[in-house]
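S.K.: here is a sequence with its predicted model. Questions after.
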Protein chains: 2
Amino acid sequence: MAIVTVLGAGMMGTALCTPLADAGHEVRLVGTHLDAAIVAALQAERRHPKLGLELPAAVTPYALEALPAALAGADFVGVGVSSAGVRWAAETLGPHLRPGTPILAVTKGLDESPPGSLRVLPEVFHEALPAALQPTIAPAAIGGPCIAGEIARRVPTAVVFAGRDRGALARLAAACATPYYHVRISTDVVGVEVCAALKNAYAMAVGIGAGLHERGGGPAGPVAHHNWEAAVFAQACLEMDRLVRALGGDPAQVPHLAGAGDLIVTTSGGRSSRLGRLLGLGLSMAEARSRMPGDTLESADTVAVVGAALPRLAARGRLPAGALPLMEHLYDVIVRGRPIAMPFDRFFRDAG
Amino acid sequence: MAIVTVLGAGMMGTALCTPLADAGHEVRLVGTHLDAAIVAALQAERRHPKLGLELPAAVTPYALEALPAALAGADFVGVGVSSAGVRWAAETLGPHLRPGTPILAVTKGLDESPPGSLRVLPEVFHEALPAALQPTIAPAAIGGPCIAGEIARRVPTAVVFAGRDRGALARLAAACATPYYHVRISTDVVGVEVCAALKNAYAMAVGIGAGLHERGGGPAGPVAHHNWEAAVFAQACLEMDRLVRALGGDPAQVPHLAGAGDLIVTTSGGRSSRLGRLLGLGLSMAEARSRMPGDTLESADTVAVVGAALPRLAARGRLPAGALPLMEHLYDVIVRGRPIAMPFDRFFRDAG
């Protein structure tokens, strides 16, 4: 039995506590400043308001102010903050971490820094740690199909822990696995995390098909825009492959848990699909956003970051110009407010 | 404008006539002996009873007896028969084909002949042609997302024509493309066709998740067995990759139109998904089959052929033993009548 502290009491951070508790650990779930109401509810009645479930008995909720106490004696630390909170999480955890503490993050995203290079979030987190800690900590990340509500309900899944140190990953995997939470490991952090970050953007693209079908007056059912969606899905896989290669990852991740696996599960519902549907119905991005008040739209954020970086990646010779026509079109729709006109003629062509 | 003759007036053969007609061709749709009632309905009122749609004006329905007249002057020939009918189709068409007639088949499947080697259907078709024709005809095949009811309704999709002769493929693609039917070409017949054949079996495997969820009393929705389904989908991609390599194809087909693209569309409904759901609900294969009277179950047929071939492929050193644990389990369930117990512990491991 270990002591595990998880920072971030949203859906995903909280869901991760279920396999951790079932694996026999003492779990301390610490809310961020955005989670104050959730932590209050958890402390009052142990029920998570968004998941609609009770915390397992081995999980204790903590407010952010109690972070130092929650980290005392922690054997490893989970990070379940939003992508915007990654630097904050490293800076907040840093002063309280023992050197060498294993870190396992569920946060997904890409960061363009410096211009013309896209970095995965474990690197961003690492860089924001106190300098003295950096040589001792190599954060690991979780990829693969992870609908929070299903993990918290113990629906079987398989995930991949990605990090630099195979031995450390094997220990983390052994510590977290349960009969329903199957853990594989990979040292390809870039491959896993690029797939994981892109999946929201591309799931949104697939979701456009439902809106187009509805807009055309068609009823939901086995005859809809499924061919269209599948062709977009395949182009998404092709573009994931190209960006993974360009950033130094292994394209074997694409037809695997972190790529196609996480992409398909993200098309089965959730904010990314809903945004795509609204765009497919003909709403502008501004109109669609106004229909989803209060929702963090990771899909749109990823399109904005990756779409803006593409010309700079091309200028630096990292990726041929025009290699990601679907992402370029998503950028036109999301950032430039253009109407949807899926450029099928540019799909499934050789890059460059 | 060309004359195109399509043999097989089921859903898929008939759907193919819509882009062919829209591309400006004279299309002759010939029913097999199994399609007699369909052809009678088409000749009487031009409405396809299963598709629920009228034939485009440029399509003329023919009974099998009129095959010689329907083939007179044909510039190319489509084959839309079931996998069991491939040899029959070659033997039936053969005597009436001009040497060098391009052939484009939508039939999917694998054939174990001789024992220990799985062959794709274009090879089986080729072998069943009259000997004198064989050197002049290299049948091409269509892979990628192809729900018949959507193609016949002109929902946009992208497909891949696979064949040995790049020039011939390019001409076929140019002849068949429309603004909604986007055609790419590949000379990797084995890669495309192995993916195309496996997709029914693996879509059935994904469909088991819906049955398991329902059996557990859960309502349909964004929280169901989607993580489970996605993990099975990813394992399916991994096994497609391994079998494609073992049979000499290019694994680049897997995260592409014929692989992940066709697999995802096949999970969106249809017989393979329905069979999976029934098995997930706890029915035996025999019980499930009795609930689907009259349905051809390509998924079960593919599992029976591939599952039986695996030990012989391993014995011949074509594939490591145990490389396809999902397919092995499907074989146990479908052929040996065992209960479902998805072997996640064997998934995402190195082969062999």
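M.R.: Looks like it came in fine. Numbering: from 1, shown residues only, chains lettered A, B, ... in the order given.

S.K.: name the residues of the stretch 101-250 of chain A found near chain B, please.
M.R.: Proximity of the stretch 101-250 of chain A to chain B is confined to A:144-147, A:149-151, A:153, A:155-158, A:160, A:182, A:184, A:213, A:221-231, A:233-235, A:237-238, A:240-241 under the rule Cβ under 8 Å from any Cβ of the partner chain. Any C-beta I mention is one placed from the backbone N, CA and C, and that applies to glycine too.

S.K.: now the helices for the stretch 151-300 of chain A?
M.R.: Secondary structure of the stretch 151-300 of chain A (DSSP state H, counting those that start in this stretch): helices at A:166-176, A:189-215, A:226-246, A:262-266, A:271-280, A:285-291, A:298-315.

S.K.: ok, A:P68 touching A:G94?
M.R.: No - with contacts defined as Cβ atoms under 8 Å, A:P68 does not count as touching A:G94, sitting 12.0 Å away.

S.K.: more crowded one of those two?
M.R.: A:G94 (17 against 10; other Cβ atoms under 10 Å in any protein chain shown).

S.K.: residues in contact with the more buried one?
M.R.: Neighbouring residues of A:G94 by Cβ atoms under 8 Å, 6 or more residues apart in numbering or on different chains: A:128-130, A:133.

S.K.: hmm, back to that, quick one, which of the helices of the stretch 151-300 of chain A gets closest to B:L51.
M.R.: Proximity to B:L51 (Cβ to Cβ) singles out helix A:226-246 among these, at 14.5 Å.

S.K.: for that closest one, packing partners?
M.R.: For helix A:226-246, the packing partners by 3 or more Cβ pairs under 8 Å, 6 or more residues apart in numbering or on different chains; DSSP states H and E come out as helix A:189-215, helix A:262-266, helix A:325-334, helix B:148-151, strand B:157-162, helix B:262-266.

S.K.: buried ones in stretch A:155-170?
M.R.: A:155-163, A:168-169 (16 or more other Cβ atoms under 10 Å in any protein chain shown).

S.K.: any chance of those residues in TSV, plus pLDDT?
M.R.: Output for the buried residues of stretch A:155-170, formatted as TSV (pLDDT from 0 to 100):
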residue	pLDDT
A:V155	97
A:P156	97
A:T157	97
A:A158	98
A:V159	98
A:V160	98
A:F161	98
A:A162	97
A:G163	97
A:A168	96
A:L169	97
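
S.K.: helix or strand: which one has A:P61?
M.R.: strand A:59-62 (DSSP states H and E).

S.K.: who's in contact with that strand?
M.R.: Strand A:59-62 is contacted from outside by A:9, A:17, A:20-21, A:26-31, A:39, A:42-43, A:46, A:55, A:69-70, using Cβ under 8 Å, 6+ apart.

S.K.: 7 Å instead, please
M.R.: For strand A:59-62, contacts defined as Cβ atoms under 7 Å, 6 or more residues apart in numbering or on different chains pick out A:9, A:17, A:21, A:27-30, A:39, A:42-43, A:55, A:70.

S.K.: now swap in stretch A:30-37 and tell me
M.R.: Outside stretch A:30-37, the residues within contact range by Cβ under 7 Å, 6+ apart are A:5-10, A:38-39, A:62-64, A:67, A:70, A:81, A:85.

S.K.: which one among those gets closest to chain B?
M.R.: Using Cβ to the nearest Cβ, A:G10 is the member of the contacts of stretch A:30-37 that lies nearest chain B, at 15.5 Å.

S.K.: neighbours around the closest one, how many?
M.R.: A:G10 is flanked by 22 other residues according to other Cβ under 10 Å.

S.K.: which non-adjacent residue is nearest A:Q43?
M.R.: Excluding the flanking residues, the one nearest A:Q43 by Cβ to Cβ, 6 or more residues apart in numbering or on different chains is A:P61, at 5.4 Å.

S.K.: list the beta-bridge partners for the one you found.
M.R.: For A:P61, the beta-bridge partners are A:L29 (DSSP bridges).

S.K.: pretty sure A:F347 sits against B:A158.
M.R.: Yes - applying Cβ atoms under 7 Å as the test, A:F347 and B:A158 come out as touching, 6.1 Å apart.

S.K.: quick revisit: out of the contacts of stretch A:30-37, who's the most crowded?
M.R.: Busiest of the contacts of stretch A:30-37 [other Cβ under 10 Å] is A:A9, holding 30 neighbours.

S.K.: any idea how far A:S113 lies from chain B?
M.R.: Per Cβ to the nearest Cβ, to the nearest Å, A:S113 is found 29 Å from chain B.

S.K.: backbone phi and psi for that residue, please?
M.R.: Phi and psi for A:S113, reported as degrees, to the nearest 10, are phi -160, psi 120.

S.K.: for beta bridges, what are the partners of the residue nearest to it when sequence neighbours are not counted?
M.R.: Nearest non-adjacent residue to A:S113, counting by Cβ to Cβ, 6+ apart: A:R119, 6.3 Å away. Beta-bridge pairing for A:R119 (DSSP bridges): A:D111.

S.K.: what distance do you get for A:R119 to A:E239?
M.R.: To A:E239, A:R119 is 18 Å away according to Cβ to Cβ, to the nearest Å.

S.K.: what do you get for A:P251?
M.R.: Plainly put, A:P251 is 11 Å away from A:E239 if you go by Cβ to Cβ.

S.K.: which pLDDT value belongs to the residue positioned nearest the centre of chain A?
M.R.: In chain A, the residue lying closest to the centroid (Cα atoms, centre = their mean) is A:K108, at 3.2 Å. Note on A:K108: pLDDT of 90.

S.K.: quick one: it and A:A84 touch, right?
M.R.: No - applying Cβ under 7 Å, one finds A:K108 not in contact with A:A84, separated by 11.7 Å.

S.K.: contacting residues around whatever residue of the stretch 101-250 of chain A ends up closest to chain B?
M.R.: Proximity of the stretch 101-250 of chain A to chain B (Cβ to the nearest Cβ) peaks at A:P222, 2.9 Å away. A:P222 is in contact with B:268-270, counting by Cβ under 7 Å, 6+ apart.

S.K.: sitting in strands, which of those residues do you find?
M.R.: For the contacts of A:P222, not one is inside strands, with DSSP state E as the criterion.
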